[in-house]
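# sequence first, predicted model second:
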Amino acid sequence: MAVRVRFAPSPTGFLHVGGARTALFNWLFARRAGGTFLLRVEDTDRARSRPEHTQAILDGLAWLGLELDEGPAFQADGVERHRRDALSLLRQGAAYRCFCTAEELAARREEAKRVGSGYGYDGRCGRLDAAVSSARADAEEAFALRVRVPREAIEWEDMVHGPMSFPAGSIDDFIVLRSDGTPVYNLAVVSDDAEAAITHVIRGDDHLSNTPKQILLYRALGRTLPAFGHVPLILGPDGKRLSKRHGAMSVLAYREEGYLPQGMLNFLALMGWSPGDDREVFDVGGLTQAFSVDRVLKKSAVFDLEKLGWLNGRHIADAPAGDLAGAVVEILGREAREEGRDLAGTHPGLEISPERLARIIDLVKGRPRTLPALARQVSPFFAATVRYDDGAVKRFWKRPEETAFHLRHLAERLGGEAAFSDVERLESEVRGVAAELEVGAGRIINPLRVALMGQGVSPGIFEVLEAMGRERALARVRAAAGFLDARVATA
Ligand code: GLU
C-alpha cells in the first residue's frame, strides 16, 4: 500500500510552530516510506479564510523545505462532493432528516442544564416514520441531516497513543449537513481524505474527539479507514498553552530572527519526537532516516527557545561558509543602509573578497546561534572602524592607563618582521609580551580581543590575529591604545 499523508491547515493565520511540526511529521513519514505528502487547505470557513494566509502557509513550508508532492487542494472545491456524500448517507439510512429548529435545540439544552443532566441530541427525528419524514421534506420544511450513531464503543489503534476507545453512548447523533445545505467539518475531512486515498492521518491531539465521528463516517460511507496518529500539544516553558511570547508565532518570524531552516526543522522534530538515543543534532537526511511515528511521545512537548538557539548554533557551525555568506552580506548591508551608508563604506572589501569572507566565516561560525550573531562576529574583520562594546570595555579595559601601555608594547612586538608568519609565532609573541610585563596571559589577551573585535568573545585570539592580517591588526591595537589615552586624559 503506497503511503499517502496530508497536512490540512485552515488558512486563518500564518504557519505557526505547532502546524509546522504537524507538517514536518507528515512529511518525514512520507519521505521515510517513499510515499506522497500533500497539502489540503481547509478553507470552508469563508469568513476567516484568506488567500494571503494560504500564501503564508506555502511560504512557511517552502522555507522549511517541506516540498509538496501534490496540491495544494482546497477543501471548498469539494463542497458538492461533501453534499453528495451526506445525501448518500440519507439514502442508505445511515443518516436521517432532523427537523428540530435551532430554537428547539437551544431550549432543550437549557432545560438539560437546569436539571443538571448532560445534553445530547435525543434522536427523536431518527424515530420519525420514513413516510412522514419524506412528506415534511416535500412540504419544504427545513431539515439538517444527522448520522445515526450506533450504540457501540468506537475503537482504534492510534499510532501514537495505542488503543483508544470511546464508549457506547458517548457520541450523540451528530449533524453532517446543515439545514442551509453546508456540510459540517468532520464530513468534509472524511470525504476529502477518502477521495485523496489518504492512508495515515497524522495531526494534533486537539482532533482526538473528532476521530470517533470520522471513523463512523468512513464506515457509513463504506470507505477504507486510514490509520490515525495524534501528536501531543506543544506547551510553553510555563506548562501552559503556547503563547505568542514563546513560539505561537509564524515560523517565518524565526527566519527574520536569523534562524536557519535546518535548525528550525531539527528543533521542530525534537518537540514530541525522540530518536530513542541521545542524538540531538540532525540534518534533514538524518531525520528522514531516524524518524518513526511510534517514537512520537505521548506526553506534551515543551517549547524551549534556549534549545532552538543551541541547535541552530550547531547547524550554523555545520553549514558550509558559502551558504552563510549571503546572509552575512545582507545583514551588514542592511545595517549600513540604516546608517545611510553602504557596505563598501562600512566594511571595505567584504563584498569583493568572497574567499577571505569564507575563511573568516569558517573561523567564527562555531559560536553564534543566529545569523545576526554570526554577522556581528564577522563584522570586525572588515569594519572600517571597530565599535567597542560597552560591556567588554567595562570588563576588560578597567585600567585604561595600564592597558594602553600593554597594548603599545604589544604593537611594537607584533610589528616585528616575522611576527605574523603563522599562528604559533603569533602565540609566542603575545605570550612573550605577557612574560616581559610580568602579567598573566589573560591580562594581555582579553584587552587585545576588545581592541581587535570590539567584543569580549571571539574565536582563538591567535587565529583572529592571523585572519585579520598584520596591517589591520596593528592599526587596531594602536587605535585602542589611543582611545584609552583619551579616556585617561578626560578622566
Ligand atoms: N484543519 C485542521 C486544523 O487546522 C486539521 C484537520 C485535520 O488534520 O484533520 O487543525
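Alright, I've got the coordinates.
# helix, strand or coil for Arg48?
coil (DSSP: H, G, I helix; E, B strand; the rest coil).
# count of residues packed around the closest residue to it other than its chain neighbours?
Nearest residue to Arg48, sequence neighbours excluded (C-beta to C-beta, 6 or more residues apart in numbering): Thr12, at 4.3 Å. C-beta coordinates here come from the backbone N, C-alpha and C atoms, glycine included. Neighbourhood size, Thr12 [other C-beta atoms under 10 Å]: 13.
# quick check: Thr12 touching Pro51?
No. The criterion here is C-beta atoms under 8 Å, and Thr12 misses it with Pro51 at 11.9 Å.
# what residues does this structure have near the ligand?
Ala8, Pro9, Ser10, Glu42, Val189, Arg203, His207 (C-beta under 6 Å from any ligand atom).
# same list, those, but as TSV with pLDDT please.
TSV is the format used below for the residues of the chain next to the ligand (pLDDT from 0 to 100):
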residue	pLDDT
Ala8	98
Pro9	96
Ser10	93
Glu42	96
Val189	98
Arg203	97
His207	95
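# how much space separates the spatially closest residue to Glu339 that is not a sequence neighbour from Ala319?
The shortest distance from Glu339 to any non-neighbouring residue, by C-beta to C-beta, 6+ apart, is to Thr346 (7.2 Å). Counting by C-beta to C-beta, to the nearest Å, the separation of Thr346 from Ala319 is 24 Å.
# what sits up against the helix or strand encompassing Gly442?
Secondary structure assignment for Gly442, by DSSP states H and E: helix 441-453. Helix 441-453 is contacted from outside by 377, 380, 386, 388-389, 392-393, 395-397, 403, 406-407, 410, 430-431, 433-434, 437, 455-458, 461, 464-465, 468, 473, 476-477, 479-481, using C-beta atoms under 8 Å, 6 or more residues apart in numbering.
# buried ones in the helix or strand following it?
Using DSSP H and E, the helix or strand that follows helix 441-453 towards the C-terminus is helix 461-468. Residues of helix 461-468 classed as buried: Ile461, Phe462, Val464, Leu465, Glu466, Ala467, Met468 (neighbour count, 16 or more other C-beta atoms under 10 Å).
# tabulate these (CSV), appending distance to Met271 and pLDDT.
Shown next, in CSV, are the buried residues of helix 461-468 (distance: C-beta to C-beta, whole Å; pLDDT from 0 to 100):
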residue, distance to Met271, pLDDT
Ile461, 38, 96
Phe462, 40, 97
Val464, 37, 96
Leu465, 42, 96
Glu466, 41, 94
Ala467, 37, 93
Met468, 41, 93
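# now do the strands in the stretch 251-400 of the chain.
Taking DSSP state E, counting those that start in this stretch as the criterion, the stretch 251-400 of the chain contains strands spanning 301-302.
# orientation of the helix ranked longest in the chain relative to helix 461-468 in degrees?
Criterion DSSP state H: the longest helix present in the chain is helix 470-490. Orientation note: helix 470-490 sits at an angle of 110 degrees relative to helix 461-468 (axes from the mean of the first three to the mean of the last three C-alpha atoms, to 10 degrees).
# what sits up against stretch 325-345?
By C-beta under 8 Å, 6+ apart, the list of residues contacting stretch 325-345 from outside reads 258, 346-347, 350-351, 354, 357-358, 361, 371-372, 374-375, 378-379, 382, 384.
# what is the burial count for the residue of the stretch 151-300 of the chain found nearest the ligand?
Per C-beta to the nearest ligand atom, Arg203 is where the stretch 151-300 of the chain lies closest to the ligand, at 3.6 Å. Residues near Arg203, counting by other C-beta under 10 Å, number 22.
# and the host helix or strand of it, what other elements does it pack with?
Element membership for Arg203 (DSSP H and E) is strand 200-204. Where contact means 3 or more C-beta pairs under 8 Å, 6 or more residues apart in numbering; DSSP states H and E, strand 200-204 is packed against strand 4-7, helix 17-33, strand 227-231.
# related to what we said a few turns ago, dump the buried residues of helix 461-468 to JSON lines, plus distance to Ala491.
As requested, those are arranged in JSON lines below (distance: C-beta to C-beta, whole Å):
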{"residue": "Ile461", "distance to Ala491": "27"}
{"residue": "Phe462", "distance to Ala491": "32"}
{"residue": "Val464", "distance to Ala491": "29"}
{"residue": "Leu465", "distance to Ala491": "29"}
{"residue": "Glu466", "distance to Ala491": "34"}
{"residue": "Ala467", "distance to Ala491": "34"}
{"residue": "Met468", "distance to Ala491": "29"}
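# what residues are up against the residue of the stretch 151-300 of the chain closest to the ligand?
Ala8, Thr22, Gly229, His230, Val231.
# one more time with 7 Å, if that's ok
Listed by C-beta atoms under 7 Å, 6 or more residues apart in numbering, the contact set of Arg203 reads Thr22, His230, Val231.
# repeat for Gly169
Contact analysis of Gly169 by C-beta under 7 Å, 6+ apart lists Arg151.
# okay, it and Phe228: tell me how far apart.
22 Å.
# what do you get for His347?
From His347 across to Phe228, the span is 54 Å (C-beta to C-beta).
# Lys213 now?
Counting by C-beta to C-beta, the gap from Lys213 to Phe228 is 12 Å.
# try Gly181
Using C-beta to C-beta, Gly181 is found at 29 Å from Phe228.
# neighbour count winner among those two?
Phe228 (22 against 12).
# mind listing what the nearest residue to that one once chain neighbours are set aside touches?
Excluding the flanking residues, the one nearest Phe228 by C-beta to C-beta, 6+ apart is Val201, at 5.0 Å. By C-beta under 7 Å, 6+ apart, Val201 lies in contact with Asp193, Pro226, Phe228.
# would CSV of the residues you listed with pLDDT be doable?
Below are the contacts of Val201 laid out as CSV (pLDDT from 0 to 100):
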residue, pLDDT
Asp193, 98
Pro226, 98
Phe228, 98
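# and these as CSV, adding distance to Tyr96?
Listed next are the contacts of Val201 as CSV, based on distance: C-beta to C-beta, whole Å:
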residue, distance to Tyr96
Asp193, 24
Pro226, 27
Phe228, 27
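# tell me the one of those nearest Leu89?
Asp193 (16.1 Å; C-beta to C-beta).
# and that closest one, helix, strand or coil?
At Asp193 the chain is in helix, as set by three-state DSSP.
# these two touch, right, it and Pro226?
Yes. Between Asp193 and Pro226 there is a contact at 6.4 Å, judged by C-beta atoms under 7 Å.
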